[in-house]
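1. whatever this is, show me its structure:
(chains A and B)
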Amino acid sequence: MSTTIGIGFSQLPDPQKATLQACVQLKNSLNSFETDLIIIFASIEYITPEILEIIARALKPKRLVGSSTGAIILSEGVTTHGIAIVGINSDEIRCGISAITDIVNQDMHATGFDLAKKAGSDLNLPLREVFITFSEGIEKDNSRFIRGVKEALGGGFPVIGAISSDDFKYRNLRQFFQDKILQNSVVGVLFGGTFNIALDCRHGFKPLGKPRTITRIDEYIIRTIDNKPAVDIYKHFLGPQADQLKNATLNSHAAMYPLGIYLEEAKQYLLRNIIDILDDGSIVCQGGIPQGAEVHLMISNKDSCRQSAVTAAESVKTALAGKPAKLIMVFESLARHKILGRSVSGEIRAIKEILGAAVPIIGMCSYGEIGPFGSLNNIKNVYLHNESILIVAIA
Amino acid sequence: MNSLDSTNIQILWALGICIVILLCAAAYLFFLLISKDETIQQMTEEHNKLMRSFNDLDEQAKLIVRTDLELNRAQEELDKRLNGLNALQRTSHQISQALNESEIFQKISPSLFENLGFVQALIATMDDTGHLRARTNIGFPEARTVIILRTIENDEALKTALTEHSGFSSINCSHKTKEKFMETFESGHFIFSSILTQTGNVGFVFVGNRYTAAPVTQSDEELISILAGQIGQSIENAQLFEKVFRSSQELELKVKDRTKQLAHALEKVEDISKKKSEFISAVSHELRTPLTSIKGYAAILIAGKIGEVPQAVKERLAKINSHSDNLVSLINNLLDIARIESGRQEMKFDLYKIKNILDNVADLLTPQITAKDIKLQLILPDQIEMVFADTSQIERVFINLLSNAIKFTPPKGTITIKGAPALEKGYVVFNVSDTGIGIPASEIQKLFSEFYRVDNEINQNVKGTGLGLVLAKNIVQAHHGKIWVQSQVGSGTSFYFTLPVSFEVFENNKPLSAEP
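-> Numbers count the residues shown, from 1 in each chain, chains lettered A, B, ... in the order given. Coordinates of the predicted model:
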């Protein structure tokens, strides 16, 4: 029984040369003719049709999934440019993959259900451990999507994932599936076999001021809070600087002060980023919100964000119960970078210190993180988070 | 009547009691209402208090947010500045060591721009044909870079902005320029800085950020200007280095060429020398045979073995004999030189006691020394004991040097033989000095040339071959030693030569040409 996991990464300016360099690095560490599973994380300028051909020729992947990202997470830190390729060859870790394309006008419940079912068929193994998705377009109706996946895989089954990201322009989101570069799609990989998994998801934000109530909402657009235009909450706290939220996709202010929706069932605050303010004062959020929910303005700082990552890493370590991790995957909100600034790599270093310097770390910065609040103990309630960090360890 | 009265009285009592109960109940209700009202008032007050606290909490939160905004802005600026300076310092150090232009741009890593807080960067320089060439490109697909550079080259307004300004940014350029740059580079915020060298504007550094990022600051502009300046300086240095390197390569080629010519000439000289030695050797052999016959016949005639010869003939025969001896000696010397030069002389190297060698030499020359009443001094410290040499050849060196010393030292003069450890490790240096007439400086260079004899009165009267020092030099060199001379006219001459003290030293100091 053996598992070999390798990572190739390159920042050569030419996408094809960079891909080839990453493939060579990976091939050297895997030392095999074929690769069971390839996961790609690439910044948008590296996504060209040729890269998948190069990967296919060099690594001969049986299965391939991946996502575009605004920043790649590596053991050495976080970088906004490059292509990272993860390769897994194992007779302990098995996987099945699936993709659903053109999901804009589809029912999210059916999308989630079909995605999970297809991955299950591809895996064709009763021992299932975790389902990971990379997607675009599920944000508005994410709860139905998650319910669909859970209906196919079981209520208590671990479902995690990340929303594809780009350079904050929201127009270059891509997903990789086998030999195709997709848009407006969701891809999934269902892991099964005889291995252990541990995960934890945190944000490190605290509520500010008195609680308010969302009095009118259309999916992910908050129309009114306490029967006033929703933007008034920002006007109240930020003053004239609230105007900067308009037409400014995830700018500093939006990232530093997200909205916190109190979830009675989880006794936690679910964060929602503001991505725009409409003319009537409605707030456009990065993910759906229930009507009538209690809402707060949330605040954090570098230390609190870093501490949340440390707590998540410690929780993962505890859950692993001494078993050595073979791969750490990190899905972190791109918006958190606005708070962490250049110390974002310090957060990854802190994770490394806790989970072991020798364990490879790979991940992507996303527009949304799918996971429970905290560890696997809370896996029954899975949400689409914003501004959070999700650490997953495979052991 | 009584019964009626009592009934009425009872009714009245009952009514009275009811009235009292009702009054009590009313009083109770009244007090209860008063009490409830107080509670309501208290609760209202509490509610108001709570509302006030909530509102205060909101106001406090507002203060916290605004302070947080300010702090974040200040911290972000400070972080950016610190990280930028650190990254810039590291990059400056690296690119200043680059030896050519390509190396400069290879050393500018994407992390520099990440640390400076930019996600886009394009550094371009002008090539010999005046076209812009991308040297460092971060955040632009290559195809996009080509489009950007061609757009700049074909757009007069952009070209003018780039060539006429040393630097500007999205916060201080004209609205028109800003629009053009934002459109061309697809950047919300940008800084542009020219790369200037002594020859003028040779390119530019462009850094940019997405529309959602914070606007650039003056300190960002300063950092990018420092980077552009450092690149310009490094380009100049690299060009200078390339120039020096090219000159040095040309010089090296010339030296190689000359060395080759010299080696060729040396080969020719060595070939001639070898041929000369062979010729001398052959001629000497051919001369020696008839000379032996001449000497033999002269001896027979002198001895009168074939009849008495007159005195005058005897005298002439004695001269023939003497000249033949000189000729034999000359031929022997030439033969030895030729043998040693060609490596055909078999040397019998071993460890010998120096004192024994010197005693033998002194014994051999004592008659001549005594005849001129010359004082011979021998200074040999105890630690100078053995040399690794061919004793018969080294004796010839001493004999030649001492013979010269005796020849040029006036009567009652002094000749000193001194041994000492040489500066070169493992060697002994011998010094044979006299108090003779000395050698002019102009003659010293030629002393070790074949047949060269210093032009002085003594040499004019005393016969010599001009081969003694050449032979000595060849013998010393065959011992991997050196020989040299110091002299002052009127004060005397000192000859120095070195010899190895052991086999190891001899072996380790083989001349290069002697190596296999």
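
2. any idea how many residues pack against A:Asn377?
-> A:Asn377 has 11 neighbouring residues, counting by other C-beta atoms under 10 Å in any protein chain shown. Backbone N, C-alpha and C define where each C-beta goes, glycine included.

3. B:Val387 too?
-> 26.

4. that one in helix, strand or coil?
-> strand (DSSP: H, G, I helix; E, B strand; the rest coil).

5. can you pull the contacts of the residue nearest to it when sequence neighbours are not counted?
-> Leaving out its chain neighbours, the residue that sits closest to B:Val387 by C-beta to C-beta, 6 or more residues apart in numbering or on different chains is B:Leu499, at 4.5 Å. Going by C-beta atoms under 8 Å, 6 or more residues apart in numbering or on different chains, B:Leu499 touches B:Val387, B:Phe388, B:Ala389, B:Ile394, B:Tyr427, B:Val428, B:Phe430, B:Val476, B:His479, B:Gly481.

6. now, which of these lie within helices?
-> Counting by DSSP state H, the part of the contacts of B:Leu499 found in helices is B:Ile394, B:Val476.

7. will you turn the contacts of B:Leu499 into TSV that also has pLDDT?
-> Formatted as TSV, those follow (pLDDT from 0 to 100):
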residue	pLDDT
B:Val387	90
B:Phe388	92
B:Ala389	91
B:Ile394	91
B:Tyr427	93
B:Val428	93
B:Phe430	94
B:Val476	92
B:His479	90
B:Gly481	92
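
8. tell me where the model's unsure across chain B.
-> Applying pLDDT under 70 to chain B picks out residues B:1-4, B:211-213, B:341-345, B:459-465, B:511-516.

9. quick one: the helices in it?
-> So, for chain B - with DSSP H - the helices run B:2-96, B:101-106, B:110-116, B:142-154, B:156-164, B:175-185, B:218-303, B:311-342, B:354-371, B:391-408, B:441-444, B:457-461, B:468-478, B:503-508.

10. and chain B, which residues reach chain A?
-> By C-beta under 8 Å from any C-beta of the partner chain, the residues of chain B that approach chain A are B:54-55, B:57-58, B:60-62, B:64-66, B:68-69, B:72, B:75-76, B:79-80, B:83, B:110-111, B:114-115, B:117, B:119, B:137-142, B:144, B:210-214.

11. repeat the analysis, applying 6 Å as the threshold.
-> Residues of chain B lying near chain A by C-beta under 6 Å from any C-beta of the partner chain: B:54, B:57-58, B:61-62, B:65, B:76, B:79, B:83, B:110, B:119, B:137-138, B:141-142, B:210, B:212, B:214.

12. out of those residues, which end up buried?
-> B:58, B:61-62, B:65, B:76, B:79, B:83, B:110, B:119, B:137-138, B:141-142, B:210, B:212, B:214 (16 or more other C-beta atoms under 10 Å in any protein chain shown).

13. between which two of those is the distance greatest?
-> Greatest spatial distance among these (C-beta to C-beta): B:Asp58 and B:Glu142, at 52.3 Å.

14. tell me the one of the contacts of B:Leu499 nearest A:Asn196?
-> Looking across the contacts of B:Leu499 and measuring by C-beta to C-beta, the closest to A:Asn196 is B:Tyr427, at 76.7 Å.

15. show me the beta-bridge partners of the closest one.
-> B:Pro500 (DSSP bridges).

16. can you check the one 5 residues further on too?
-> Going by DSSP bridges, B:Val432 is paired in beta bridges with B:Ile417, B:Phe495.

17. neighbours of it, how many?
-> For B:Val432, the count of nearby residues is 23 (other C-beta under 10 Å).
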